[in-house]
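A.B. asks: how would this look folded up:
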Amino acid sequence: MEKKTTVGPKGQVVIPKDIRDKIGIKEYSEVIVDIIDDSVIIKKLKPESVSYVDYYCTTYSKKLTKKVDIKKITEEQYERNILH
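C.D. replies: Sure, this is the predicted structure:
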């Protein structure tokens, strides 16, 4: 899919919307710019692989408002399970 576009005074090029949509480039997406012979190649940067827990914690979960002592909570839970 070829499209004609123009280079602006600061060297900026607008990637046509239908091309951005097709490969998933959105506002503030990072891209890689490369040269092959006399062509400029713009590639979508693949996101880093992130664990599910890290992804969930940084995007959807509510943030804690106070410090939590996980070790203490775990020990209390363990003691409750042993005693009951």
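A.B. asks: what's the local residue count around residue 12?
C.D. replies: Applying other C-beta atoms under 10 Å, we find 8 residues neighbouring residue 12. Placement of C-beta: from N, CA and C, glycine included.
A.B. asks: actually residue 18, not the one I typed
C.D. replies: 9.
A.B. asks: for it, give its distance to residue 34.
C.D. replies: 22 Å (C-beta to C-beta, to the nearest Å).
A.B. asks: try residue 71
C.D. replies: Using C-beta to C-beta, residue 71 is found at 49 Å from residue 34.
A.B. asks: where do the strands sit along the protein?
C.D. replies: Assigned by DSSP state E, the strands in the chain fall at 31-36, 39-44.
A.B. asks: reformat the ones you listed as CSV; add distance to residue 65 and mean pLDDT.
C.D. replies: Below are the strands of the chain laid out as CSV (distance: least, C-beta to C-beta, whole Å; pLDDT from 0 to 100):
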stretch, distance to residue 65, mean pLDDT
strand 31-36, 37, 92
strand 39-44, 37, 91
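A.B. asks: to residue 6, which of the ones you listed lies closest?
C.D. replies: Closest approach to residue 6 among these (C-beta to C-beta): strand 39-44, 13.6 Å.
A.B. asks: chain center to the closest one, what's the gap?
C.D. replies: Put simply, strand 39-44 sits 20 Å off its chain's centre (C-alpha atoms, centre = their mean, to the nearest Å).
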